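Chemist: sequence and computational prediction follow.
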Amino acid sequence: MSKQAHITGTGGYQPGEPIPTSKIQELVGELIPEVAEGLSIEQRFWQIDIETGAHNENNSDMSYKAAVAAIESAGIEPGQIELIIQATGTPDYPLPAVVNQVQEALGIEKCATLEIRSGGAGWPQGVDIARFYLEQGSYETALVIGSESVSPVLAPIFLGKTPDQIRARDKMPVYMFGDGAAAAVLQAKEDEGGLMPGAMRAIGGSRKPGIWSVGGGSHEPLHVQQAKPRLVDLRVDVVGAGDFTPIMVTEALTDCLARSGVPADSIDHCLIPEGNVGWMLDSLREAGLMTEEWQAMEGKIFDNLSQTGAVGCAAVPLFLDNGWRTGLVKPGDRVLMIGVEATKWIYSGIVCDWTAPNPSGAAAEPATASVRAER
């Protein structure tokens, strides 16, 4: 029997104490009512000191802690890891890559490493790449990390300012984004189950970005960038994202199921980091785009966005870790994991027949384990 790649452990980490949405209102003022109505985020976590902007932790720190939790839950030693893949859009430095900082922190002298910049779609991409290498026999054990450190970019929006000094378009990112990291250990085994071939595609070739992080790069002279009010400007096209995200996620769902070769009604849990996806389903119905695949997901969609904030590359693995540790995801379940990214409209996804026993103390299936879509 040929070997299959199995997820054997996960770990998640978010820094500091949760920051409620009421605190964000104090910092930047209220959102316009129609935008506030669609906000499903109740709290988020930031690596910075909210009063001063000082860093309490960095991306690499969070990534290391998530990696340790995943390694411990898989029951392996760091030295067994032969491949580390990391997805992040907010590294400590342009170079060296965060993945190599984590490698060093774990004490791994030699291993294959790779870093991906596909935003929220990056972690499922990394899992599929690791699956390929494990199944072809190049490596036996891999670690795939997703991490995001957005709060340092948010701090200049509100530090030293009153809410009435902050532009309406600058408020939304402060409400949306959080920091965090999560990881999974993958191992090649002859056991049945495990990961199936995934799907990925960028479908925004000519469409303008839905999210754009401008600054700190090489697009124009650094002295010109430094003269601007903020070195990094994080722009969110709320209207554009609302219009196109349902279409992108629908294509992702269809593509992922086709690539894995499994029917939609065989999925037990569908992880899509979109908060309460009710708005998205309503949009699809209004546009006449409701598919059989969506109908088969009735009551199966979950995430934990309301409690984590939008955490980019860390979203899918953080939600998966929550689902596994609370007992929602358990051996024998078939899980579809989809990541989406609005910068240039990228999606990726992968199906896993789950085999890892739940950690001791995991509940049978608590109601608080996830946010399920209401239809």
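Modeler: Arrived safely, thanks for sending.

Chemist: measure stretch 40-50 end to end?
Modeler: Length of stretch 40-50, first residue to last, CA to CA, to the nearest Å: 22 Å.

Chemist: can you give me the helices for the stretch 151-300 of the chain?
Modeler: 151-158, 168-176, 222-226, 238-260, 278-286, 292-296 (DSSP state H, counting those that start in this stretch).

Chemist: redo the ones you listed as TSV? Include distance to residue 5.
Modeler: (Glycine included, C-beta is placed from N, CA and C.) What follows is the helices of the stretch 151-300 of the chain, written out as TSV (distance: least, CB to CB, whole Å):
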stretch	distance to residue 5
helix 151-158	33
helix 168-176	33
helix 222-226	42
helix 238-260	13
helix 278-286	30
helix 292-296	24
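
Chemist: so what's residue 27 up against?
Modeler: 50, 158, 163, 174 (CB atoms under 8 Å, 6 or more residues apart in numbering).

Chemist: let's see that with 7 Å instead.
Modeler: 158, 174 (CB atoms under 7 Å, 6 or more residues apart in numbering).

Chemist: I'd assumed residue 11 was in a helix, is it?
Modeler: No: counting by DSSP: H, G, I helix; E, B strand; the rest coil, residue 11 falls outside a helix, being strand.

Chemist: what is the neighbour count of the residue nearest to it when sequence neighbours are not counted?
Modeler: Spatial nearest neighbour of residue 11, chain neighbours left out: residue 69 (2.6 Å); criterion: CB to CB, 6 or more residues apart in numbering. Neighbour count of residue 69, defined by other CB atoms under 10 Å: 20.

Chemist: who's in contact with residue 69?
Modeler: 11, 12, 13.

Chemist: so the first one touches residue 63, yeah?
Modeler: No: distance between residue 11 and residue 63: 10.3 Å, which falls outside the contact criterion (CB atoms under 7 Å).

Chemist: more crowded one of those two?
Modeler: Just comparing residue 11 and residue 63: by other CB under 10 Å the higher neighbour count belongs to residue 63, 32 against 25.

Chemist: what helix or strand does the most centrally placed residue in the chain sit in?
Modeler: Within the chain, the residue whose C-alpha comes closest to the C-alpha centroid is residue 315; the distance, by CA atoms, centre = their mean, is 2.3 Å. Here residue 315 sits within helix 315-325, counting by DSSP states H and E.

Chemist: now the angle from the helix or strand that that helix is followed by to helix 315-325?
Modeler: Next in sequence after helix 315-325, counting helices and strands by DSSP H and E, comes strand 334-341. Orientation of strand 334-341 against helix 315-325 (axes from the mean of the first three to the mean of the last three CA atoms, to 10 degrees) gives an angle of 150 degrees.

Chemist: avg pLDDT for strand 334-341?
Modeler: Across strand 334-341, pLDDT averages out at 96.

Chemist: elements contacting that strand?
Modeler: Strand 334-341 makes packing contacts with helix 122-135, helix 238-260, strand 269-271, helix 315-325, strand 346-353 when contacts are defined by 3 or more CB pairs under 7 Å, 6 or more residues apart in numbering; DSSP states H and E.

Chemist: mind listing what's buried along the second one?
Modeler: Of the residues in helix 238-260, those with enough neighbours to count as buried (16 or more other CB atoms under 10 Å) are 238, 240-241, 244-257, 259-260.

Chemist: what does the first one give?
Modeler: Residues 122-131, 133-135 are the ones in helix 122-135 that count as buried (16+ other CB under 10 Å).

Chemist: on that earlier part again, residue 3 is nearest to which of the helices of the stretch 151-300 of the chain?
Modeler: helix 238-260 (17.8 Å; CB to CB).

Chemist: just checking, what packs against that closest one?
Modeler: For helix 238-260, the packing partners by 3+ CB pairs under 7 Å, 6+ apart are strand 199-202, helix 278-286, helix 292-296, strand 334-341, strand 346-353.

Chemist: hmm, who's touching it?
Modeler: 35, 172, 196-199, 201, 203, 207, 210, 264, 272, 274, 280, 283-284, 289, 291, 293-294, 336, 338, 340, 342, 345, 347, 349-351.

Chemist: could you do stretch 349-360 as well?
Modeler: Everything outside stretch 349-360 that qualifies as a contact, by CB under 7 Å, 6+ apart, is 6-9, 73, 124, 127-128, 191, 193-196, 198-199, 252, 256, 260, 262, 324-325, 327, 329-339.

Chemist: gap between the two ends of it?
Modeler: 28 Å.

Chemist: show the average pLDDT along that stretch.
Modeler: 96.

Chemist: 37 is where my numbering starts, stick with that
Modeler: OK, 37 is where the count begins now, so the last one is stretch 385-396.

Chemist: list the buried residues in it.
Modeler: Buried-residue list, stretch 385-396, by 16+ other CB under 10 Å: 385, 386, 387, 388, 389, 390, 391, 392, 394.

Chemist: residue contacts, the closest residue to residue 241 other than its chain neighbours?
Modeler: In space, residue 241 comes closest to residue 380 once its chain neighbours are excluded; the distance is 8.0 Å by CB to CB, 6+ apart. Each residue near residue 380 by CB under 7 Å, 6+ apart is listed here: 238, 240, 245.

Chemist: which stretch in the helices of the stretch 187-336 of the chain has the least confidence?
Modeler: Note on the helices of the stretch 187-336 of the chain: helix 314-322 shows the lowest mean pLDDT, a mean of 71.

Chemist: the helices and strands packed on strand 370-377 into TSV, with extra columns for distance to residue 136?
Modeler: Below are those laid out as TSV (distance: least, CB to CB, whole Å):
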stretch	distance to residue 136
helix 158-171	15
helix 274-296	30
strand 305-307	28
helix 351-361	19
strand 382-389	23
